[in-house]
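> Pasting the sequence and the predicted model now:
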Amino acid sequence: MTTKLYKHDILDIFAYTLSTRQLRIENIFGEQLELPIYSVFFKYFPSELGLKIVAVDEASPSEIMTLFFQVLRDVTAKNYVEIITDTLVVKLDDVEVHSETLSLPVISDKTLLIATRNEGKTREFKAMFSQLGYTVKNLNDFPELPEVAETGMTFEANARLKAKTISELTGEMVLADDSGLMVDILGGLPGVWSARFAGDHATDDENNAKLLHELASTAVSPDKRKAKFHTTLVVAAPEKEPLVVEGEWFGEIGTIPKGDDGFGYDPLFIDEETGRTAAQMSLSQKNKVSHRARALQNLLKKWPEWLKQ
Ligand SMILES: O=c1[nH]c(=O)c2ncn([C@@H]3O[C@H](COP(=O)(O)OP(=O)(O)OP(=O)(O)O)[C@@H](O)[C@H]3O)c2[nH]1
Ligand SMILES: [Mg+2]
């Protein structure tokens, strides 16, 4: 059952927007976006779907969609709206219909399955996607789904494997993340073997201990401990070519673990900008700068186009 929206709810919100002609929204990376709103249009249909909204604006549709979901979620505490793909010119109190069509993708009911059992990653994705009105689930919510053997030699090959396999099994749109730590002096290791650096069922502590051991003899000075985190994200959906993006985060490997937040190698990974370890950052701070955040930023740029495929 969707919530019926009443015209005056939305009218008030967009009336303020139109009067200010400027709209400040914060995108999911905490960047303030000043959006010149020349015209925000919507039409109220007393239909079973509740309000249908169309945005016509100079700003990119993805930013407008982010705005709508934020505003509508605040107003309705619901995530289900349908954005129709034609353009209705709606002044605040009357309607003229114009024929131009704006290719805004239709997005509705948003649950995103992440093809991972890594709760550390999932926690970061949940924080990022909830701002876009998505509910995130992972493979731990579907124990009947199989473990996907990561036989690829690259992050992309493994991410494609995980996304495609789970999407074909569930018929859902699925996001997979294959990521890892690449240490310069180790020739990029542990790389795709980051989860298994100290052995097939290694814990984060065992992986971190092995990393410190490997660097102890060879890399004493900080400039010899340069490293980066890499993430490749792949979105797969039935009948679509997968969407592939990546992100990297540069830093160096510390000599002693610091910080209690994050997961994996975070206590040893020192961010090159702040000098703090990833584990000394809060979830929202890490979600602004990490390899995963940067990959997601690239994903959001390509997402509206890909959805229309
Ligand atoms: O300190 C870290 N902060 C991070 O932000 C991060 N991202 C990845 N990693 C490491 O790289 C492996 C990924 O391997 P991975 O992509 O195969 O994931 P995984 O096997 O843990 O889960 P799944 O997604 O495959 O189910 C993980 O286990 C971690 O050791 C990170 N470590
Ligand atoms: Mg894995």
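Right, received. Where do you want to start? Ligands and ions are numbered 1, 2, ... in the order given.

> Walk me through the domains of this structure.
Per automatic domain parsing, the structural domains of the chain span 5-101, 110-307.

> how about the residue of the chain found nearest ligand 1, secondary structure?
Ligand 1 sits closest to Gly264 of the chain, with a gap of 2.4 Å, by Cβ to the nearest ligand atom. From N, CA and C alone the C-beta is placed, and that goes for glycine too. Applying DSSP: H, G, I helix; E, B strand; the rest coil to Gly264 yields a three-state assignment of coil.

> What of Asp177?
Quick answer, by three-state DSSP: Asp177 is strand.

> Offset the numbering so it begins at 757, please.
Sounds good: first residue 757 from here, last item Asp933.

> So Asp1017 sits against Leu1039, correct?
Yes: proximity of Asp1017 to Leu1039 meets the contact threshold set by Cβ atoms under 8 Å, at 6.8 Å.

> Specify which residue of those two has the higher count of neighbours.
Counted by other Cβ atoms under 10 Å, Asp1017 and Leu1039 do not tie: Asp1017 has more neighbours, with 17 against 13.

> From Ala1034, how far out is that one?
According to Cβ to Cβ, to the nearest Å, Asp1017 and Ala1034 sit 8 Å apart.

> shared neighbours, these two?
Lys1042 (Cβ atoms under 8 Å, 6 or more residues apart in numbering).

> end to end, how far does stretch 938-955 reach?
17 Å (Cα to Cα, to the nearest Å).

> Buried residues in that stretch, which are they?
938-939, 941-942, 945-948, 950-951, 953-954 (16 or more other Cβ atoms under 10 Å).

> what secondary structure does Ser950 sit in?
helix.

> for it, what are its contacts?
Taking Cβ under 8 Å, 6+ apart as the criterion, Ser950 is in contact with 935-937, 963, 1020-1021.

> circling back: which of the domains of the chain has the lowest average pLDDT?
Here the lowest mean pLDDT among the domains of the chain goes to domain 761-857, at a mean of 39.

> Now the phi/psi pair for the nearest residue to Ser1046 once chain neighbours are set aside, please.
Leaving aside its sequence neighbours, Ser1046 sits nearest to Trp1005 (Cβ to Cβ, 6 or more residues apart in numbering; 5.3 Å). The phi/psi pair for Trp1005 (degrees, to the nearest 10) reads phi -130, psi 120.
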